[in-house]
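Q: Got a predicted model here, sequence first, then my questions.
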Amino acid sequence: MTTPLLHVEQLTMKFGGLTAVDAVSFTAERHDITAIIGPNGAGKTTLFNCLTGFYRPTSGALTLTHDLGEYLLERMEGHQIAHQARVARTFQNIRLFEGMTVLENLLVAQHHKLMRASSFLIGGIFKLPSYRHAEEEAVMLATKWLEEVGMADKADWLAGNLPYGDQRRLEIARAMCTDPRMLCLDEPAAGLNPRESAELNQLIKNIRDQHGCGVLLIEHDMSVVMNISDHVVVLDYGKKIAEGTADEVRNNPDVIRAYLGDDEEEEA
Amino acid sequence: MSWRLSHDGLREVLMVMMVAMLLLLPMVGLRTVDSSSGLGIDLHIAAVFWAVLLIGLGKKSLVAARENIPVIAYPAACVMLLSGFLAPLPTGFLEFFALAGGFICLTNAILMTLRGGRPISKNSFGEGMDVVATKIQAATPQVAWVMFAIVVALPFVFPDRYVLDVSILILTYIMLGWGLNIIVGLAGLLDLGYVAFYAVGAYSYALLAINFDLSFWVCLPLAGILAAFGGLLLGFPVLRLRGDYFAIVTLGFGEIIRVVLINWYQVTGGPDGINSVPRPSFFGLAEFTRRPSGDLPAFHEMFGLDYSSIHRIIFLYYLILVLALVVNFLSVRLRKMPIGRAWEAMREDEIACKSLGLNRTNLKLMAFMISATFGGFAGAFFATKQGFISPESFTFIESAIILAIVVLGGMGSQLGIVIATLLVIGLPEIFRDLELYRMLTFGIGMVLVMVWRPRGLLAVREPSIRLHGLHGKGAKS
Amino acid sequence: MEYFLQQLINGLSLGSIYGLIAIGYTMVYGIIGMINFAHGDIYMIGAFLAVIGFTAIGLVGGLWTPLAVALVLIIAMVFTAAYGWVVERFAYRPLRGSFRLAPLISAIGMSILLQNYVQLVQGARVKPISPVVQGGFELMERDDGFTVNLSYMQIIIIVLTLVLMIVFATLIARTALGRSQRACEQDKTMAALVGINVDRTISLTFVIGAALAAVAGVMVTMYYGVVDFYIGFLAGVKAFTAAVLGGIGSLPGAMIGGILIGLIEAFWAAYFSAEYKDVAAFSILVLALIFRPYGILGRPEVEKV
């Protein structure tokens, strides 16, 4: 366990004249929850979009190392990052397949596995046993994750009809169904009430402890950050201004200055 | 209860009449006609007068219904309807308009009464339709078997050339609709050039059969493959494009194919098309002619029947039926397979798909190729059925008709497409007198369906898989 | 050289017409983010109104030519604008906020409706009119007798287009309507909150686009002398190509795109093959969309996450 799960080196992302992320470097460990915090506009979501292939970084290196191999994320297409490098993500404004059922959402996440089992088309068209078996397994995995997020009875609901909190958790379950090595959560606690937020903390911890999946987290809710993160990276104006454990970061003068006047600091 | 329209309502009626006047006065009132010295003009002021009056009546009835004033809504609708029979309307179209409009206004008024004076909003209409659609959708298996029994028995019950010709036409469009549905309904890509694949299939068959003397059964898969290849060629460059740009490019592709067909005289025969496209044989065993020219025996002799030209029609009928059913079978299966779910997911949210590792380009290409293959099959069938093809048959309007069938039926619904085809292709065949107004009503229909039921008549989606079964817990959706 | 010059003149006149139609596409796209599929047919309506207008004037004994042209232009613009208004009111407004392909499909329906309506009420035959403006300048003559002509009609087309462009650019830049339009382009909800009548602004956009298309229709009728109910389709696609090429949403872009398409078409027809000139236009559209979908004057769009 010498190489970290994720190694970000000198990542820079420019939009025209604006430098949204400026030479940021940090590492994230395999069994850690790494939180990225910072005031609005600090470049957190841009960093995420670079990691998950939605933007191509202007410069810098993103190296992901896990049991399946070593991946240079900055050179890969978005869908390859998800499929091969096994990076899964959720979105700040939830993006579910709203017209499809909860179960279907989770099966789409297992697309590649099922595609292979359907021998691309033939096996599925003729319902060969190998395909049927694979589909049953996929449904079982989906059911397992539905139980994990406490939605087992809602499998046949349309995703768009779920209450807000359920939608958040379904998005996480869907991401986990892709069998990721790193899960990137973009403000998962936004809009949740304190009880839901606490449940979410437990869920994220479970993902770290039981599924061997590193978690990268953007969060505004400091109670979430301080409670569950093992490692915190603070961004401000696109630059990394501090890094360390929650306690170290909390007492860092630069961080306090960046957040000055922000009430969330006291709540923690 | 009020006896008069509100001030706003009255103004609305007058406004509509004024706009109608503006629209119709020059275009309808002054009809340019050929005369000995260039163009002349026929005055049709009476037609404009009546049209504006009828439009005003209709609008009055609709507004009155909205404002819950039956004493105006009913008479206005009735007068409109009756004027279709009684008034000295100058053109057939106005009679048609009066009858159709009167009927719609009357229905609207009755619905208003039935609903206790609550006007029909788009939402309540949508909900009502959803209930009906859900019932029909739930009954799909039974409906499908009944339909299947009817279509299989049809040639024996009505061995009539006209009936069979119309049925073949309808089945061809159903097949095309099911084929296009994969692109439009499942993958959510608006393809305005589907007719291009149809044309590729038809010309592939005709050229292969004539130049290389290949039989229909060899050409059919080849036509499908060539059309799929066309789909691939088109697909690679355009699939990255956003929805509406994509639509325009596919439209352009359809037109390019047509322009090439018209101008590549040496190969395609240009605007004259290709004559004497070979007819299919009875699975390479027998010919459908009275005295076969080749080595094959005649069909009627083989089965000891008297010669009748209808044998071939019946054969063609079953041929297209089988082709359509194969397309249906494959579509239904594909929808429940990973690829089908991925298509639908892509229609819902492409960005989420990307985050789950789905390769959007590949998925779209697959949809395109499969859909194009089906279009190619239909094209080959069309060529062999007609025995003659020309670029005339592959205009944009064909693409629009097929698209309208998919959209009207309810995107993604197999049964919806059957119903829509019966409406779009079947109805005009029954009302042949209205042939002239067919495309006109067709255009109006497309607008109205989009406004009132944007997702189509049977727009209720059946999940591709259920954890708890059809009636299990949590089946609420 | 002389031949080239002649094609340049022809291309410019044709391009001006495409540019006028393209403005309609680009404005509507700018404000509601939708392709107005029926716009080509609006232009066709304008052309028919011109045929009707000129024929009617001819039948009542004729007028002084400039007056006749001005009269027909005004009539065509007013009545075509009514069609533009109706298209927006019936095929677009009820669908604002519906799923994204719905307005496009209803606009296709509207396009089919308009074509068949005109075919029904005016007949399917090609409508010829006698030339309204004849003559021109002979610019130069080659040794073999080939002359380069600049007809009065071409001058009218180019000058009128230029004038309209300037008027129009001023309108967008200086007036309250222009400001409302730009506000609606940015954010309709916010525009409504600050007191802009969004419905009216969008309606006016369609009306203005239709009036400009009517001008193009009148010009085409005078230039070619023939019109039929199907001309809207091809002209529409070409003008749309022009709008995309110039950068959709940008007014000068539409004009530049229109002139480019006109030139390409004229040169293609002159030097390669007249039969495939429509293929050239479509191919350019495909290439433009693939390699520079944001056009010459547009800006690339970032996929929003």
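A: Looks like it arrived, so ask away. Numbering: from 1, shown residues only, chains lettered A, B, ... in the order given.
Q: Model confidence at residue 210, what's the number?
A: Unless you meant another one, I'm taking chain A. Reading off the per-residue confidence, A:Q210 sits at a pLDDT of 85.
Q: wait, I meant chain C there
A: Confidence per residue is given as pLDDT, and for C:A210 that number is 94.
Q: ok, the nearest residue to it once chain neighbours are set aside - contacts?
A: Of all residues beyond its chain neighbours, the one nearest C:A210 is C:G84 (2.5 Å), with distances taken as C-beta to C-beta, 6 or more residues apart in numbering or on different chains. (C-beta placed from N, C-alpha, C; glycine too.) Contact criterion C-beta atoms under 8 Å, 6 or more residues apart in numbering or on different chains gives C:24, C:42, C:206-207, C:209-211, C:213 as the residues in contact with C:G84.
Q: Provide the contact partners of stretch B:74-84 at residue level.
A: The contact list for stretch B:74-84 (C-beta under 8 Å, 6+ apart) reads B:54, B:57-58, B:60-61, B:64, B:89, B:95-99, B:101-103, B:105-106, B:108-109.
Q: which among those residues end up buried?
A: By neighbour count, with 16 or more other C-beta atoms under 10 Å in any protein chain shown, the contacts of stretch B:74-84 hold B:54, B:57-58, B:60-61, B:64, B:89, B:95-99, B:101-102, B:105-106, B:108-109 as buried.
Q: part of a helix, is C:E138?
A: No. Counting by DSSP: H, G, I helix; E, B strand; the rest coil, one finds C:E138 to be strand, located in no helix.
Q: who touches it in this structure?
A: By C-beta under 8 Å, 6+ apart, the contact list for C:E138 reads C:147-149.
Q: same question for the helix or strand B:G254 falls within, mean pLDDT?
A: Per DSSP states H and E, B:G254 falls inside helix B:243-263. The average of the pLDDT scores along helix B:243-263 is 83.
Q: can you give me the offset of it from its chain's centre?
A: Here the centre of mass of C-alpha atoms in helix B:243-263, compared against the chain's by C-alpha atoms, centre = their mean, to the nearest Å, lies 19 Å away.
Q: does chain C sit close to stretch B:3-12?
A: No. When contact is scored as C-beta under 8 Å from any C-beta of the partner chain, no part of stretch B:3-12 falls within range of chain C; the minimum is 11.9 Å.
Q: So which residues make contact with that stretch?
A: With C-beta under 8 Å, 6+ apart as the test, stretch B:3-12 has contacts from B:13, B:59-60, B:63-64, B:66-67, B:69, B:71-72.
Q: For that stretch, measure first residue to last.
A: By C-alpha to C-alpha, to the nearest Å, the extent of stretch B:3-12 from end to end equals 17 Å.
Q: Just list what the longest helix along chain C packs against, helices and strands only.
A: Scanning chain C for the helix with the most residues, using DSSP state H, yields helix C:2-32. Contact here means 3 or more C-beta pairs under 8 Å, 6 or more residues apart in numbering or on different chains; DSSP states H and E; on that basis helix C:2-32 packs against helix C:39-59, strand C:136-141, strand C:147-151, helix C:152-174, helix C:176-186, helix C:198-224, helix C:231-246, helix C:251-271.
Q: Could you list the buried residues of the fifth one?
A: Of the residues in helix C:176-186, those buried under the neighbour-count criterion (16+ other C-beta under 10 Å) are C:178, C:180-181, C:183-185.
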